[in-house]
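Student: The amino acid sequence is not available; the structure is as follows:
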C-alpha cells in the first residue's frame, strides 16, 4: 500500500477515535488492530507516528481495548518506538507506555509495569528526560512515574540514572514537568534501597527547597509525601536504611558527606543524634560546611538550616528566658534604700555624683564587693569610693538589682550593664542582660552583641547569637552582598570620573567605552563576598556552637536513659497485668 495512503488512513482513524467510544468499538470490531500494530514497525516515521497515535486514542479510558491491544502484541513495538528518530513518535510511545503500565494482566504473569521494564523501556525513557523538547520530557516522566509504582522497577530506574534527571525536572518552570517528576520521585522513594541514593544525591535538599515553589498544589503535596516517606524509612526499627545512610558519612566525596549530614539533621530520629553527629562525625561535617568560604550561598544556607534544625532537636533553641531564675540571696534591703542616706555607710562617686549605699547589701551580693571591702584593700576603710568607666544610669540600675533582686534592663544601656555585671560578678543580673540583648538581636548588631558575649563571659547570649546567625543566614549574606555591591559600584564610578577625560579622547565612535554598572562577574563576586562574610563569622562562632550542641546532645542522651528507669520506677507493684 502506498505510504501516503497509509498515513492518511491512520490519520483519519486517529481523528475518529478521539474521545468517541462508539467509533473506538467499531474500529476494533473491524479488525484494525493487527494492521495498526504492524504499522508501528514501519520504517517511515509518518506511518508509525499516525499508527501509535491511533492506538493511543483507542486505549484512552478503555480498559478492554487496552487489554486487546496488549494481547495483539503491541507492547514491544511501542517500546521500540522510544528509539525512533521521530520525536512525535517517541512522545506518543512514552504516553502509551504510561497507559499500558496501569493495566492488570489476565494471566498469572507479572504486571505490565514489570514487563515494560524487562523489555528495555527504562534506558530510552531516561535518555528522553534530557531532551530539549519539553513535551518529550513530560511524557517520559509520565511513563516513568507509572512504572515507578512497582517495587522492583523503582531500584532499576535509579540504577539506570533516572534520579538526577527527575530532580532537575522538579525544578523546571513547567508545571506538567514538575508534577510528573514529583509523582515519579514519590514512587522511587518507596524502595528502601533508593532512599540512600536520594539522600546522597542531595535530593532531600532539592525537594525541600522547591516544595513550596511548585505551581500546583498536588505537586507540593506529592513532594511533602515523598519527604515524609523518606523520614518513615529512616525511623524504621530495624535501622537498615538509617545505617546505610550513616555509613555514607565515611565517603571520600565531600559533597556527598555534606548532603548526608544535612539530610540526617533534618530527618534522623532524635534517639540517634548522638550516634550520628558525635560518634560518626556528622557534626564536624556540618561545621566544616558552614565555615567554607568557597561554597555557594545556597550550600551555606543549607548547612545553616541543618545546624539550626539539629539544635532544635536537642533543645538548643530554648530562648533565653525573659525573667531568668535568679540565684537565692538572703538580703534584699528594698527599693526605699536605693541611693538613700538612711543608715548608709558608704558613698560611691560616679561621674562626680554621689551614690549612697550599705555595705551589708553589697557584701551579700557578690564576691567582687566582698573582696573590695576586705581588710587589706584601701576601699575597706574609705568612706567614699570613686567608680570609673560606668555611667551613673548604669550604676544606678546595677545597685537597684542588688537592693531589689530585679531591674528593668533598657535596650540602650543593656550592653554597658552586661559589662558591669561581669565586672562585679553579679550572675543574676548578667542573665537579665543576656535576655534583654537576645530579644533585640538584628543582622546589624549581631557581631557587636556576639563580641560582647565573648568579652563578658555570657554563654547564654553567645548561644542565642549563634542560633540567630543560623536562622538568618540568608539575611546576613544578602546584607553583606548589598554592601559589597554598593562599595564596588562606588569605586567603579570614582574610577570612571578619574579617567573620564582621557577615555573620551581615545575611544572610537564604534565603542563608547562607558560602563553602565557592575559587570556580571562583579555581581557574582559581591554575592560571594556575602557568603564569605557569613563563613568567616561562623569560624568565630564554631567553638561556642560545637560546645553548645555537644552539651545538649549529652543532656538529651542522659535524659533518654533516665526516662525508661523513671517510668519503670513509677509503675506500682503488680501492675504488669494478669499472668
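Tutor: Received it, and whenever you're ready, just let me know what you need. If you're wondering where the values come from, they're calculated on a predicted model, not measured in any experiment.
Student: Tell me how many other residues crowd residue 557.
Tutor: Residue 557 has 16 neighbours, counted by other Cβ atoms under 10 Å. To be clear about C-beta, it is placed using only N, CA and C from the backbone, and glycine gets the same treatment.
Student: Low-confidence ranges, the stretch 51-200 of the chain, go.
Tutor: Filtered on pLDDT under 70, the stretch 51-200 of the chain yields the residue ranges 109.
Student: can you pull the contacts of residue 140?
Tutor: The contact partners of residue 140, by Cβ atoms under 8 Å, 6 or more residues apart in numbering, come to 94, 125-126, 128-129, 131.
Student: who's in contact with stretch 537-554?
Tutor: So stretch 537-554 is contacted by 273-274, 277-278, 283, 287, 290-291, 304, 307, 310-311, 314-316, 446-447, 450, 459, 462-463, 465-466, 469, 476 (Cβ under 8 Å, 6+ apart).
Student: 6 Å instead, please
Tutor: Stretch 537-554 is contacted from outside by 273-274, 278, 287, 290-291, 314-316, 462-463, 466, using Cβ atoms under 6 Å, 6 or more residues apart in numbering.
Student: Thought residue 277 was touching residue 249, still the case?
Tutor: No - under the criterion of Cβ atoms under 6 Å, residue 249 is not in contact with residue 277, lying 9.7 Å apart.
Student: and those two? which has more neighbours close in?
Tutor: Using other Cβ under 10 Å, the more surrounded residue of residue 249 and residue 277 is residue 277, with 26 against 19.
Student: can I assume the more buried one is in contact with residue 283?
Tutor: Yes - counting by Cβ under 6 Å, residue 277 does reach residue 283; the two are 4.1 Å apart.
Student: Going along the chain, name the strands of the stretch 301-450 of the chain.
Tutor: Taking DSSP state E, counting those that start in this stretch, the strands of the stretch 301-450 of the chain run over residues 346-350, 353-357, 384-387.
Student: As CSV, those strands with mean neighbour count, mean pLDDT and distance to residue 481 would be great.
Tutor: Below are the strands of the stretch 301-450 of the chain laid out as CSV (neighbours: other Cβ atoms under 10 Å; pLDDT from 0 to 100; distance: least, Cβ to Cβ, whole Å):
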stretch, mean neighbour count, mean pLDDT, distance to residue 481
strand 346-350, 17, 93, 44
strand 353-357, 17, 94, 47
strand 384-387, 14, 88, 44
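Student: next one: phi and psi at residue 121?
Tutor: phi -80, psi -20 (degrees, to the nearest 10).
Student: ok, how many other residues are close to the residue nearest to it when sequence neighbours are not counted?
Tutor: Excluding the flanking residues, the one nearest residue 121 by Cβ to Cβ, 6 or more residues apart in numbering is residue 79, at 4.8 Å. The local packing of residue 79 (other Cβ under 10 Å) involves 24 other residues.
Student: Confirm residue 79 sits in a helix?
Tutor: Yes - under DSSP: H, G, I helix; E, B strand; the rest coil, residue 79 sits within a helix.
Student: quick one: it and residue 119 touch, right?
Tutor: Yes - if you go by Cβ under 6 Å, residue 79 and residue 119 touch, sitting 5.2 Å apart.
Student: where does the stretch 451-579 of the chain have low pLDDT?
Tutor: 482-528, 560, 562-579.
Student: Please repeat the previous calculation with a cut-off of 90.
Tutor: Scanning the stretch 451-579 of the chain for pLDDT under 90 picks out 479-530, 547-579.
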